[in-house]
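Novice: Starting from these lines, generate the structure:
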Amino acid sequence: MSLDLIFVIVLVLIVLNLSVMLLYRHDKIRARKGGRRIPESTLLWAALIAPFGAAYGMRVFRHKTRHRKFLLVYVFMVLHLAIITYLIYAMI
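Specialist: Here you go, the predicted model:
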């Protein structure tokens, strides 16, 4: 795998995680203002794609931290770490 491809993959992951973190922030702002909320299923699907951004957004904005189903975010993080670890060892 070329370094250019690795750079693009890392960049995409950073952008995805940042976007999901901002999605959690946006929902928190809507919650405070009493506006229309982002469905929990959407937040969880986003967390499946970018769990690090979701976990960071949950902690920083204190959002969805008391909902049991959002513990899945941490399961998704472990799954992503396992996949990343596997891919790194497969490249060596």
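
Novice: Now do the host helix or strand of Ile6: which elements does it pack against?
Specialist: Assigned by DSSP states H and E, Ile6 belongs to helix 3-33. Applying 3 or more Cβ pairs under 8 Å, 6 or more residues apart in numbering; DSSP states H and E, one finds that helix 3-33 contacts helix 40-49, helix 51-60. Just so you know, the C-beta spots here come from the backbone N, C-alpha and C atoms, and that holds for glycine as well.

Novice: And the next helix or strand past the last one?
Specialist: I take that to be helix 51-60. That would be, after helix 51-60 and using DSSP H and E, helix 72-91.

Novice: Show the contacting residues for the closest residue to His80 other than its chain neighbours.
Specialist: Using Cβ to Cβ, 6 or more residues apart in numbering and skipping residues adjacent in sequence, the residue nearest His80 is Pro51, 5.5 Å away. Neighbouring residues of Pro51 by Cβ atoms under 8 Å, 6 or more residues apart in numbering: Val73, Tyr74, Phe76, Met77, Leu79, His80.
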